[in-house]
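Visitor: coordinates only, no sequence provided:
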DNA sequence: GAAAAAATTACGACGGGCGTAAATTTAGAA
DNA sequence: TTCTAAATTTACGCCCGTCGTAATTTTTTC
């Protein structure tokens, strides 16, 4: 799946520079908050030019929310990987249970410091909203492909909206509990039941949708 | 419901100034796009200081998306106004049908120029996302109050997420059709059936939720 | 008409983002 | 090995949105 890594010197240095900048950014964000940290500060700390930072990270938010690929693709992947006889809802449900057991950041586990940083920054909150939307779009395309729906059909998009909203709600509530001081383990034990209630509500509407 | 309008001279001039700025902003936005128009231009056109513009409108987006109160409150109001024996879903459904008949901007009718302006501007798109979220929050509170749910209960929020997502999807699709060149009348006749499919999908999950 | 309150104004600062051209580093070939 | 071409990094400047502050003007109130 991945590209062959001959990884010339140039490529290697690029990754190092990127990581260097990202590390300093993370450290400064945690220490003094996202909004209070300037790109110039990050550049100075990493001993590169300001422009180099903005070359690697087009927007400042990307310095804090980097691994967004995994997040936006997670639901579509869960649907693509559903087992024979399993509905899209069941697949998403199972994926969430797994994420819960593994304290996966994709489900909302990211540590109190990270949750605080996001909650305190309108910029990051907005970016997170956008990522949730992208995740829904990716899911909609996966559902359209899985069901062979006609082009521009509303059904896969409606199903994606319902599923993605449920996951977004659980994500937000996990972050809320984190900010309230709950540990990951406490949350993981609590949210099994919580997720059950949310998914059970969707069951009559989506239980037989996109069954493989 | 409204405040007594003695409307002293000061208050009257404030409203006039606000309207004056808003009108010039709207005109410039339509002519040259949102991003291409600067606050300074708007201030110059309205013959006021730049600071006066930012005093009235804290963020530039507010100059384009002004009447957001009505939008964010619309779903909660629909639920509050539901009739005896009517569920929250039925109330929202009825409200959408009405909005469709009246070509209400709240449902997504805003004219091709406006739809184009929003679609072309990341800033406005982000702001619209935020408004959709606020609308969902207001709906969640209305549902919690209507059902007497315990504090922090997930159910009203889950129901609000499903309902608001459905309305958001219809909103987005109406804008898409508008951008594709469809007239409001064409859209209104088409989206009756579209909404039916979306709401019917929710019926088994929410048909008996929050019945008055 | 004067004093108090409020709105508007001018001015400046800061940060994020973008473009451009020069300088440095790397890759590939002679 | 050395030279050339390509890519990366850098320095510099600009624009715009946003925020503070203090001075000025306008409106209200006595």
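Guide: Alright, I've got the coordinates. Keep in mind it's a predicted model, so treat the numbers as computed, not measured.

Visitor: list the contacts of the strand or helix carrying residue A:44.
Guide: Following DSSP states H and E, one finds residue A:44 within helix A:39-46. In this structure, residues lying in contact with helix A:39-46 by CB atoms under 8 Å, 6 or more residues apart in numbering or on different chains are A:20-21, A:23-25, A:27-28, A:49-50, A:52-54, A:60, A:63. Just so you know, the C-beta spots here come from the backbone N, C-alpha and C atoms, and that holds for glycine as well.

Visitor: pull the residues that contact the next helix or strand after that helix.
Guide: Counting by DSSP H and E, the next helix or strand C-terminal to helix A:39-46 is helix A:50-56. Residues outside helix A:50-56 that contact it (CB under 8 Å, 6+ apart): A:17-18, A:21, A:39-40, A:42-43, A:46, A:63.

Visitor: quick check, central residue of chain A?
Guide: residue A:71 (2.9 Å; CA atoms, centre = their mean).

Visitor: touching, that residue and residue A:135? I think so.
Guide: Yes - taking CB atoms under 8 Å as the definition, residue A:71 is a contact partner of residue A:135 at 6.4 Å.

Visitor: and the residue of chain A found nearest DNA strand D, how far from residue A:22?
Guide: With CB to the nearest atom of the strand as the measure, residue A:52 is the residue of chain A nearest to DNA strand D, at 3.1 Å. Residue A:52 is 12 Å from residue A:22, where distance means CB to CB, to the nearest Å.

Visitor: between those two, which has more neighbouring residues?
Guide: residue A:22 (19 against 15; other CB atoms under 10 Å in any protein chain shown).

Visitor: which members of the contacts of helix A:50-56 are the farthest-apart pair?
Guide: A:18 and A:40 (18.1 Å; CB to CB).

Visitor: how about the helix holding residue A:44, does it reach DNA strand D?
Guide: No - using CB under 7 Å from any atom of the strand, helix A:39-46 stays clear of DNA strand D, with a minimum separation of 7.6 Å.

Visitor: about what we covered before: can you say which of the contacts of helix A:39-46 are buried?
Guide: Applying 16 or more other CB atoms under 10 Å in any protein chain shown to these, the neighbour count classes A:21, A:24-25, A:28, A:53, A:60, A:63 as buried.

Visitor: which ones are touching the nearest residue to residue A:127 once chain neighbours are set aside?
Guide: Closest residue to residue A:127 apart from its sequence neighbours, by CB to CB, 6 or more residues apart in numbering or on different chains: residue A:61 at 4.2 Å. Residue A:61 makes contacts with A:123-124, A:127, as judged by CB under 8 Å, 6+ apart.

Visitor: ramachandran angles for residue A:61?
Guide: With angles defined as degrees, to the nearest 10, residue A:61 sits at phi -60, psi -30.

Visitor: so for it, what's the pLDDT?
Guide: Residue A:61 is assigned 92 on the pLDDT scale.

Visitor: likewise the one 3 residues further on?
Guide: According to the prediction, residue A:64 has pLDDT 92.

Visitor: mind checking how far it is from DNA strand C?
Guide: Residue A:64 sits 11 Å away from DNA strand C, going by CB to the nearest atom of the strand, to the nearest Å.

Visitor: which residues touch that residue?
Guide: Residues counted as contacts of residue A:64 (CB under 8 Å, 6+ apart) are A:25-26, A:29, A:34, A:117-118, A:121, A:124.

Visitor: which of those residues fall within helices?
Guide: Per DSSP state H, helices hold the following members of the contacts of residue A:64: A:25-26, A:29, A:117-118, A:124.

Visitor: in those residues, which residue is surrounded by the most others?
Guide: Counting neighbours by other CB under 10 Å, the top entry in the ones in helices among the contacts of residue A:64 is residue A:25, with 25 neighbours.

Visitor: low-confidence ranges, chain A, go.
Guide: Along chain A, the model assigns pLDDT under 70 to residues A:1-12.

Visitor: up against DNA strand D, what does it have?
Guide: Residues of chain A lying near DNA strand D (CB under 7 Å from any atom of the strand): A:10, A:13-14, A:17, A:47-52, A:55-56.

Visitor: mind doing that once more with 10 Å?
Guide: By CB under 10 Å from any atom of the strand, the residues of chain A that approach DNA strand D are A:10-11, A:13-18, A:20-21, A:43-44, A:46-56, A:122.

Visitor: of the residues you listed, which are in range of DNA strand C?
Guide: Near DNA strand C, by the rule CB under 10 Å from any atom of the strand, you find A:10-11, A:13-14, A:43, A:49-51, A:53-55 out of the residues of chain A next to DNA strand D.

Visitor: and those, which two are furthest apart?
Guide: A:11 and A:50 (23.3 Å).

Visitor: where do the helices sit along chain A?
Guide: Counting by DSSP H, the helices of chain A are A:9-32, A:39-46, A:50-56, A:68-80, A:88-101, A:112-119, A:122-147, A:154-179, A:184-206.

Visitor: for residue B:178, find the nearest of those.
Guide: Closest among those, using CB to CB: helix A:154-179, at 15.9 Å.

Visitor: can you spell out which helices and strands pack onto the closest one?
Guide: helix A:68-80, helix A:88-101, helix A:112-119, helix A:122-147, helix A:184-206, helix B:154-179, helix B:184-206 (3 or more CB pairs under 8 Å, 6 or more residues apart in numbering or on different chains; DSSP states H and E).

Visitor: the same query, at a cut-off of 6 Å, please.
Guide: If you count contacts as 3 or more CB pairs under 6 Å, 6 or more residues apart in numbering or on different chains; DSSP states H and E, helix A:154-179 packs onto helix A:112-119, helix A:122-147, helix A:184-206, helix B:154-179, helix B:184-206.
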